[in-house]
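# just to be clear, the model below is a prediction. Sequence and coordinates:
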Amino acid sequence: MEKIVRRAAHAGSWYTDDATKLGEELDGWLRAAGLAKNPDVRGVIAPHAGYSYSGRCAAFAFGNIDPAQFSRVFLLGPSHHYYTPKCALTRATVYSTPLGDLPIDLEVVDELQATGKFELMDLHADEAEHSMEMHIPYLAKVFHGWPVKIVPILVGSLNSENEAMYGRLLAKYVDDPKNFFSVSSDFCHWGSRFNYTYYDKKHGAIYKSIETLDRMGMNIIETGDADAFKRYLREFDNTICGRHPISVCLHMLRNCSLNVKINFLRYEQSSQCRSMRDSSVSYASAAAKGGKGQVKRK
């Protein structure tokens with residue numbers, strides 16, 4: 001089959017394209033997070049901003065991964081530029097990074113495509129999107145020396161029914177202990193430039209109100225209740241850009257046979273908003289744990 005490479009399109013801007021420097025940077029953040037590899041961690045939620053903003057926070061997700069446990073990583077990322085009411089699969093056979101290439105699991109991509117529920121995105125749309133690319137260098141670093149393939153899934157603007165449908169469809173992959181899931185999302189985008197200035201004064205300064213709002217959402221995600229998360233988004237309209245990938249993930253965990261629990265480990269903001277002229281983006285990292293023996297009690 002012809003080799004189709006998705007270039008590391010955001011290297012050199014969103015993160016350094018110097019392999020040595022990038023490796024040292026990621027190592028530094030992983031060391032600082034001080035997490036032990038945990039064989040029970042089956043997935044993560046991690047941010048996708050430029051590494052100078054969210055790289056440190058992301059280490060609290062990726063630092064949990066025990067690479068010896070997994071041979072395949074499913075990536076679920078939101079679409080920022082390309083509109084689709086479905087989920088889309090890559091046409092690439094390889095995702096390139098400054099730290100080495102990660103091959104696509106073509107067998108699983110074909111299997112998903114055969115369901116008729118996915119569309120294929122062209123290489124231009126794939127390379128324009130940063131949500132999954134920002135996870136790739138961390139995965140290349142953590143899985144260095146271990147054979148791993150990836151399954152990138154671009155999650156479009158799904159309605160509730162389709163979030164549940166994709167969750168049911170992907171649940172069987174959670175049951176395979178060799179599969180890992182990397183879900184990409186930033187949290188609140190606050191400020192007039194994001195058309196979002198929700199502020200509840202009872203929490204004090206604006207940045208504290210933002211944190212309270214984000215933590216409310218994070219607490220609901222930890223319960224695993226996809227319907228409650230939907231109600232929260234409807235009520236507060238919090239600008240969580242990975243709302244659809246997170247919702248699909250919650251439906252996956254609801255429908256799989258393992259008992260997998262999400263736990264947030266780190267929360268940061270790009271800056272502390274104190275006036276209506278300010279703006280910030282929030283970042284949160286979580287690990288989803290579910291050991292091989294932790295089967296749901298029906």
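Sure, I can see it. Residues are numbered from 1 along each chain as shown.

# and for residue 162, the neighbour number?
If you count neighbours by other C-beta atoms under 10 Å, residue 162 ends up with 20. Every residue, glycine included, has its C-beta placed from N, CA and C.

# what does the helix or strand in which it is found contact?
Assessed by DSSP states H and E, residue 162 sits inside helix 160-174. Contacts of helix 160-174 with the rest of the structure, by C-beta atoms under 8 Å, 6 or more residues apart in numbering, involve 42, 74, 85-87, 108, 112, 115, 117, 155, 158, 179, 181, 226, 230, 244, 247-256, 258, 260.

# quick one: distance of that helix to the chain centre.
Here helix 160-174 is found 16 Å from its chain centre; the criterion is C-alpha atoms, centre = their mean, to the nearest Å.

# list the buried residues of that helix.
Residues of helix 160-174 classed as buried by neighbour count (16 or more other C-beta atoms under 10 Å): 162-167, 169-171, 173-174.

# closest one to residue 49 out of these, please.
Checking these against residue 49 with C-beta to C-beta, the nearest one is residue 163 at 23.7 Å.

# that closest one and residue 243: what is the separation?
Look at residue 163 and residue 243: by C-beta to C-beta, to the nearest Å, they are 9 Å apart.

# tell me the contacts of residue 267?
Residue 267 sits in contact with 57, 187, 211, 214-215, 218, 282-284, where contact means C-beta under 8 Å, 6+ apart.

# and the buried ones among those, selectable in ChimeraX?
When burial is assessed using 16+ other C-beta under 10 Å, the buried subset of these is captured in ChimeraX by this command:
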select :57,187,211,214,218,282,283,284
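
# identify the farthest-apart pair in the contacts of residue 267.
57 and 215 (14.4 Å).

# where does residue 291 land on pLDDT?
You'll see residue 291 listed with a pLDDT of 58.

# closest to residue 276 out of the buried residues of helix 160-174?
Looking across these and measuring by C-beta to C-beta, the closest to residue 276 is residue 163, at 33.1 Å.

# from residue 208, how far out is that closest one?
From residue 163 over to residue 208 (counting by C-beta to C-beta), the distance is 31 Å.

# kindly report the same for residue 140.
Residue 140 is 37 Å from residue 208, where distance means C-beta to C-beta.

# before we move on, what about residue 109?
Distance from residue 109 to residue 208, by C-beta to C-beta: 44 Å.

# what's the answer for residue 39, then?
37 Å.

# so which residues of the stretch 51-200 of the chain form helices?
Remark: helices assigned in the stretch 51-200 of the chain by DSSP state H, counting those that start in this stretch are 51-62, 106-113, 123-128, 136-142, 160-174.

# neighbouring contacts of the first one?
Going back to what we said before, that points to helix 51-62. Residues from elsewhere that reach helix 51-62, judged by C-beta under 8 Å, 6+ apart: 14-16, 25-26, 29-30, 32-33, 35, 44-48, 134-135, 138-139, 141-142, 186, 265-268, 270, 281, 283-287.

# how far does the helix or strand containing residue 218 sit from the chain's center?
Using DSSP H and E, the element containing residue 218 is helix 206-223. Mean-position distance between helix 206-223 and its chain equals 17 Å (C-alpha atoms, centre = their mean).

# cool, and stretch 15-33?
19 Å.

# for stretch 39-46, buried residues please.
Residues of stretch 39-46 classed as buried by neighbour count (16+ other C-beta under 10 Å): 40-46.

# and for stretch 6-20?
6, 8-11, 14-16.

# neighbouring contacts of it?
Contact with stretch 6-20 is made by 22, 25, 49-51, 55, 90, 92, 94-99, 123, 126-128, 130, 133-134, 136-137, as judged by C-beta under 8 Å, 6+ apart.

# what's the answer for stretch 106-114, then?
Residues outside stretch 106-114 that contact it (C-beta under 8 Å, 6+ apart): 1, 72, 89-90, 93, 118, 120, 149, 151, 153, 169, 173.

# alright, calling it a day.
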